[in-house]
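Chemist: Take this sequence and fold it.
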Amino acid sequence: MKEILNELFEHKTLSRKRAHDILTAITAGQVNEAQIAAFLTVYGMRSVTVDELAGFRDAMLEQALIVDLGKYNPIDLCGTGGDGKNTFNISTLASFVTAGAGVKVAKHGNYGVSSVSGSSNVMEHLGFKFTNDFQTLEKQIEQAHICFLHAPLFHPAMKAVAPIRKALGVKTFFNMLGPLVNPARPKLQSVGVFNLQLARNYEYLFQQEDGKKYAIIHAHDGYDEISLTGKTRIAFNNGVSDVSPGHFDLTALHAASIAGGTTVEQAALIFENVLNDKATQEQKNVVIANAATAIAIAKDLSLTDSVKEAQLSLESGAARQCFDTLLKLSAK
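Modeler: Have a look, this model is predicted:
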């Protein structure tokens, strides 16, 4: 590992196989904590290459508990996190709005590392019980239109690095990997990423997957989601577009209006207010925009038509019903 660290400190990059082998060694407990921390820190100082990202992904999926939900053709709405913006749980809420519009969702999530409340934090706080039992997950996606895949239950590889990531408290390449290692291997994905280079890496990797339909989202002002604070770059299968709030028939908003608070309790309150259609218009709109993007992919609709479906899902209580059903099924 010393040799590898020295090479990385000299700004050298890893081949796909070497990246795979290193991550496999880390997760097998063959690398000490100080070296793991140093290795993770490298990718806070430079961009990960496509080969490195592919190698890390290969190693994670090789060790993962894979769940076959292919017959439902679900979509995942999952951001990398690590954008430092501390928004509320937009992609998680958008997942329920998408489910309420009749689209099956396999939501991949984890505890927050560089933010106050990751998707798993807020779901757990609201009473959801994580599971990797296939029959339960299948029941959830059938009845609630959504299942929630808590990453540590499907990726034993993460156990070796979880305490180190938490102690570091900053984004690492594991943030970059999150959307790439959904154990359901969905063919449909709406993914937010925190920088432009990573967006391009994702495009390259997704283009190699047969039957993949996707939106790779990066806001011009740094958000890993459609923030409605300005323009957003979205890479679809058929090309890249710069999308403004007007493309969703929505108005631009200020960053402060989509902040997530300073505690999990505050994040959970916003979460419930949105689901109950009692949140501010700005909070609802940002969720609607992100849900609409996913609905557009799954149903082959325009963004404006998808916005109408997302608004109906939220305002009719369908999204809330999906959440309530999921919560009940997790308690059994």
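
Chemist: where along the stretch 51-200 of the chain do the helices fall?
Modeler: 90-100, 119-125, 134-143, 151-154, 162-168, 173-177, 196-207 (DSSP state H, counting those that start in this stretch).

Chemist: Distance from the shortest one to the middle of the chain?
Modeler: Once both centres are worked out by CA atoms, centre = their mean, to the nearest Å, helix 151-154 turns out to sit 14 Å from its chain's centre.

Chemist: Now do Pro163 against Glu33, distance only.
Modeler: 8 Å (CB to CB, to the nearest Å). Any C-beta I mention is one placed from the backbone N, CA and C, and that applies to glycine too.

Chemist: do Lys166 as well
Modeler: Applying CB to CB to Lys166 and Glu33 gives a distance of 12 Å.

Chemist: Would you mark the buried spots in stretch 121-139?
Modeler: Asn121, Val122, Met123, Glu124, Phe128, Phe130, Thr131, Leu137, Glu138 (16 or more other CB atoms under 10 Å).

Chemist: neighbouring contacts of that stretch?
Modeler: Outside stretch 121-139, the residues within contact range by CB atoms under 8 Å, 6 or more residues apart in numbering are 65, 67, 69, 89, 92, 109, 111-112, 117, 120, 147-150, 153-154, 264-265, 267-268, 271-272, 326-327, 329-332.

Chemist: let's go with 6 Å and repeat that
Modeler: 65, 67, 89, 111-112, 147, 150, 153-154, 264, 267-268, 271, 327, 329-330 (CB atoms under 6 Å, 6 or more residues apart in numbering).

Chemist: So which of these is the closest to Thr304?
Modeler: Among these, Asn89 lies closest to Thr304 (CB to CB), at 25.1 Å.

Chemist: check contacts around Thr229.
Modeler: Asp221, Ala255.

Chemist: is it fair to say Leu250 lies in a strand?
Modeler: No: counting by DSSP: H, G, I helix; E, B strand; the rest coil, Leu250 is not found in a strand; it is coil.

Chemist: what number of residues lie near the closest residue to it other than its chain neighbours?
Modeler: Nearest in space to Leu250, with sequence neighbours left out and distances taken as CB to CB, 6 or more residues apart in numbering, is Asn285 at 4.9 Å. Using other CB atoms under 10 Å, Asn285 is surrounded by 25 other residues.

Chemist: tell me which element Thr262 falls in.
Modeler: Under DSSP states H and E, no helix or strand contains Thr262.

Chemist: I'd like to know the phi and psi angles of it, please.
Modeler: phi -110, psi 0 (degrees, to the nearest 10).

Chemist: Point out where the chain drops to low pLDDT.
Modeler: Per-residue confidence of the chain (counting by pLDDT under 70) places the weak regions at 113-114.

Chemist: Could you single out the nearest of the buried residues of stretch 121-139 to Leu228?
Modeler: Of all the buried residues of stretch 121-139, the one with the least separation from Leu228 (CB to CB) is Val122, at 20.8 Å.

Chemist: what angle do the longest strand along the chain and helix 196-207 make?
Modeler: Counting by DSSP state E, the longest strand found in the chain is strand 213-219. Angle, strand 213-219 to helix 196-207, by axes from the mean of the first three to the mean of the last three CA atoms, to 10 degrees: 180 degrees.

Chemist: Now distance to Ala101 too, for the buried residues of stretch 121-139, in JSON lines please.
Modeler: What follows is these, written out as JSON lines (distance: CB to CB, whole Å):
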{"residue": "Asn121", "distance to Ala101": "25"}
{"residue": "Val122", "distance to Ala101": "21"}
{"residue": "Met123", "distance to Ala101": "20"}
{"residue": "Glu124", "distance to Ala101": "25"}
{"residue": "Phe128", "distance to Ala101": "21"}
{"residue": "Phe130", "distance to Ala101": "25"}
{"residue": "Thr131", "distance to Ala101": "25"}
{"residue": "Leu137", "distance to Ala101": "20"}
{"residue": "Glu138", "distance to Ala101": "21"}
